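Kindly generate the corresponding structure for this input.
(one chain, ligands or ions: 2)
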Amino acid sequence: MASRIEIGDSDLLLVIDVQIDFCPGGRLAVPDGDAVVPQINEIAGRFKHVVLTQDWHPRDHRSFASAHPGRKPFETVTMPYGPQVLWPDHCVQGTRGAEFHPDLSIPHAELVLRKGFRREIDSYSAFYENDRSTRTGLLGYLRERGLARVFLAGLALDYCVRYSAEDAAAAGFSTTVIRDACRGIGVGGSIEETDRSFAARGIASLEAAAIRA
Ligand code: VGL
Ligand code: ZN
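Numbering: from 1, shown residues only. Ligands and ions are numbered 1, 2, ... in the order given. Alright, predicted model coming up:
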């Protein structure tokens, strides 16, 4: 039998970008993305503290291929802060695609953190934008709330989950990715790279069954 993990008062579940545009039929659909919804609903019930992130772009966001004439989605360009993958338009503020998946049900979530709202900078991580210096404020929130361990689930494994987990670990939080409650996009070798990075940084992976009741 898989070993169980006890979830306590200083543990946080960070649910990354479970939004309509990242699910099948959405504008930046992650393969099988909606499969995480029932998983996450179930594990969220085990956590006292849950934070949701919401990708939240202005319609002319610089991460959109449509803002770069002659470029196509999934190409990489150089932004002032470094390389940036260009995406199809997605999660535009106030549109249906930016809403959470309608079946996501975590009424006790304590905070919804929006990110990617600055036109010039993309933000994969829930902690730092892609210039790696602009802070979202989430580190301060976790510290003020006395949270010590961060568990992550959601979309997409190889972008927003990956960068959020790396930043949580770098900030000194014990960090665990609930692997079967995530799905990846897969651009080049991005999923394999994510697994290598987690291993190198001591970011643990766990199956959802280990934290179910
Ligand atoms: C994401 C690409 C662009 C994500 C967000 O949630 O992983 N990926 N915006
Ligand atoms: Zn985005």
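
CA only for contacts and neighbour counts going forward, please
Noted.

Please tell me how far residue 178 sits from residue 84.
If you measure residue 178 against residue 84 using C-alpha to C-alpha, to the nearest Å, the figure is 26 Å.

Looking at the two, which has the bigger crowd around it?
Taking neighbours as other C-alpha atoms under 10 Å, residue 178 and residue 84 compare with residue 178 leading, 24 against 19.

Can you name the helix or strand that that one falls in?
Using DSSP states H and E, residue 178 falls within strand 174-183.

what sits up against that strand?
Contacts of strand 174-183 with the rest of the structure, by C-alpha atoms under 8 Å, 6 or more residues apart in numbering, involve 30-33, 35-37, 39-40, 148-157, 161, 165, 168-169, 203-208.

CA atoms only: put it into CSV for me.
Output of strand 174-183 as CSV, limited to C-alpha atoms (Å, rounded to 0.1, in the frame of the first residue of the first chain):
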residue,chain,number,x,y,z
SER,A,174,9.2,22.0,1.6
THR,A,175,7.7,21.5,-1.9
THR,A,176,5.7,18.6,-3.3
VAL,A,177,4.1,18.3,-6.7
ILE,A,178,1.0,16.0,-6.8
ARG,A,179,2.0,14.6,-10.1
ASP,A,180,-1.3,12.8,-11.2
ALA,A,181,-3.2,16.0,-10.4
CYS,A,182,-1.2,17.9,-13.1
ARG,A,183,-1.0,17.8,-16.9
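
How far does that strand sit from its chain's centre?
Using C-alpha atoms, centre = their mean, to the nearest Å, the mean C-alpha position of strand 174-183 is found 10 Å from that of the whole chain.

Kindly report the same for stretch 76-92.
Centroid separation for stretch 76-92 versus its chain: 16 Å, with C-alpha atoms, centre = their mean.

and if you look at stretch 103-117?
For stretch 103-117, the distance from its own C-alpha centre to the chain's C-alpha centre is 11 Å (C-alpha atoms, centre = their mean).

Please work out which residues outside it touch it.
Applying C-alpha under 8 Å, 6+ apart, the set of residues contacting stretch 103-117 from outside is 18, 37-38, 40-41, 44-45, 48-58, 122-124, 126, 129, 136, 138.

Span of it from start to end?
25 Å.

Give the rounded mean pLDDT of that stretch.
For stretch 103-117, mean pLDDT rounds to 98.
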